[in-house]
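>>> no letters, just coordinates:
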Ligand SMILES: [Fe+2]
Ligand SMILES: [Fe+2]
């Protein structure tokens, strides 16, 4: 019997927040861009637009059938989880997945804001064109995840570290920092999370949303590389060091945030599932000691190690000085590009998914 989940059981989401931020604005009367590859990326962005409204929104989602099947869930592998009652397992699975989907939604709103900011701030005209396509892509992603979260009717607020990471990015007055924060770090995180969700779920509507969003995200990550790498290479060493410091600070927010999983939203997941947080923490520790949480299931990606760090290294954004900071913080500086290169959009359909699976 499916657990009945009431919308009111989740924490209240604040309706709005406004703050003043410094914003770089660049006019450019030289309408020729300086990075030839951007023409290609912009053209493919236009050619690969899709309409979220045309996805199969009438798909029935069976509440007794978890969106992430137990064999794909790390939580479900924990001995602690297996001792819970079927109703607790069902509620926990539904709410922990819903909490993640709410982060996809809120993160996409952050991407919408940052893409618009890059459109303002970047001086290169072709980069403005491209950032404008990313802005409509992100609006579509917000639309799709909002509609999906409403369909499953369980809403969670944004986790504090993700909000802090995006606010830190938006509060800079430097388009390079906005691109590092968004196109390299947050979208590296997103591309890994979407890849993992795509591999984990058999729910057809979510699979089609995630597939289409990933195709866009792979272009966004490419934008970070194609445009930013030559810009950084041409910079004065002091300016490059300033960006390297920003990249380290941003990654540190992410790493420290992920080390604190018991934030208010997750505590609410436990509360509605009737799980004591201390018991859950002990269950996590037990699973970690058994090595259960160490290895990702096959095909899943570690966003920080496989995508973000190689992207930062490749763009010259890890300097000898900042490499020491990463090492002192216990964050491995992985320079292996193999996963990143397989996923990013070097040619529109040559990302980790193949074109036949596209749902449009
Ligand atoms: Fe997005
Ligand atoms: Fe994106």
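The structure has been received and is ready for your questions. No experiment lies behind these values; they were computed from the predicted model shown. Ligands and ions are numbered 1, 2, ... in the order given.
>>> how about the helices in the stretch 51-200 of the chain?
For the stretch 51-200 of the chain, the helices defined by DSSP state H, counting those that start in this stretch occupy 79-82, 86-121, 125-152, 160-170, 175-179, 187-200.
>>> would you turn those into CSV with mean neighbour count, mean pLDDT and distance to residue 58?
Yep, even glycine has a C-beta here, placed from its N, CA and C like the rest. As requested, the helices of the stretch 51-200 of the chain are exported to CSV (neighbours: other CB atoms under 10 Å; pLDDT from 0 to 100; distance: least, CB to CB, whole Å):
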stretch, mean neighbour count, mean pLDDT, distance to residue 58
helix 79-82, 15, 92, 33
helix 86-121, 21, 95, 19
helix 125-152, 21, 96, 10
helix 160-170, 19, 96, 31
helix 175-179, 26, 96, 38
helix 187-200, 24, 86, 21
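>>> name the nearest residue to the one residue in the stretch 151-300 of the chain that gets nearest to ligand 2, sequence neighbours excluded.
Proximity of the stretch 151-300 of the chain to ligand 2 (CB to the ion) peaks at residue 220, 3.7 Å away. The shortest distance from residue 220 to any residue other than its chain neighbours is 5.1 Å, reached at residue 187 (CB to CB, 6 or more residues apart in numbering).
>>> show the contacting residues for the one you found.
111, 217, 220, 221, 224 (CB atoms under 8 Å, 6 or more residues apart in numbering).
>>> so which of those residues sit within strands?
Assigned to strands by DSSP state E, none of the contacts of residue 187 qualify.
>>> I'd like the distance between the residue of the stretch 151-300 of the chain closest to ligand 2 and residue 172.
As judged by CB to CB, to the nearest Å, residue 220 and residue 172 stand 18 Å apart.
>>> with residue 142 instead?
Counting by CB to CB - residue 142 and residue 172 are separated by 22 Å.
>>> turn the helices of the stretch 51-200 of the chain into JSON lines, including distance to ligand 2.
Below are these laid out as JSON lines (distance: least, CB to the ion, whole Å):
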{"stretch": "helix 79-82", "distance to ligand 2": "32"}
{"stretch": "helix 86-121", "distance to ligand 2": "5"}
{"stretch": "helix 125-152", "distance to ligand 2": "6"}
{"stretch": "helix 160-170", "distance to ligand 2": "12"}
{"stretch": "helix 175-179", "distance to ligand 2": "11"}
{"stretch": "helix 187-200", "distance to ligand 2": "5"}
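>>> ok, which of those helices comes nearest residue 238?
Among the helices of the stretch 51-200 of the chain, the nearest to residue 238 by CB to CB is helix 175-179 (13.4 Å).
>>> show me what the closest one packs onto, helices and strands only.
Applying 3 or more CB pairs under 8 Å, 6 or more residues apart in numbering; DSSP states H and E, we find helix 175-179 packed against helix 86-121, helix 160-170, helix 204-233, helix 237-258.
>>> what angle do the longest one and helix 160-170 make?
Relative orientation of helix 86-121 with respect to helix 160-170: 0 degrees, computed using axes from the mean of the first three to the mean of the last three CA atoms, to 10 degrees.
>>> helix 86-121 to helix 125-152, inter-axis angle?
Orientation check (the same axes, to 10 degrees): helix 86-121 against helix 125-152 gives 160 degrees.
>>> ditto for the last one
Here helix 237-258 runs at 10 degrees with respect to helix 125-152, directions being taken by the same axes, to 10 degrees.
>>> list the buried residues in helix 237-258.
Within helix 237-258, the residues scored as buried using 16 or more other CB atoms under 10 Å are 240, 243, 244, 245, 246, 247, 248, 250, 251, 253, 254, 257.
>>> just the closest residue of this structure to ligand 1, please.
Nearest residue of the chain to ligand 1: residue 141, at 3.8 Å (CB to the ion).
>>> touching, that residue and residue 216? I think so.
Yes: using CB atoms under 8 Å, residue 141 is in contact with residue 216, at 7.0 Å.
>>> mind checking how far the residue nearest to residue 220 is from residue 325?
Between residue 187 and residue 325 the computed distance is 22 Å (CB to CB).
>>> what comes into contact with the lowest-mean-pLDDT helix or strand in the chain?
Here the helix or strand of the chain ranked lowest by mean pLDDT, DSSP states H and E is helix 338-343, holding a mean of 77. By CB under 8 Å, 6+ apart, the residues outside helix 338-343 that reach it are 191, 195, 218, 221, 301, 306, 307, 310, 311, 314, 351, 352.
>>> swap in stretch 110-118?
23, 127, 131, 134-135, 137-139, 141-142, 162-163, 166, 169-170, 175, 178-179, 181-183, 186-187, 190, 220.
>>> how about stretch 153-173 and ligand 1, touching?
No: for stretch 153-173, no contact with ligand 1 is found by CB under 5 Å from the ion; the gap never falls below 12.1 Å.
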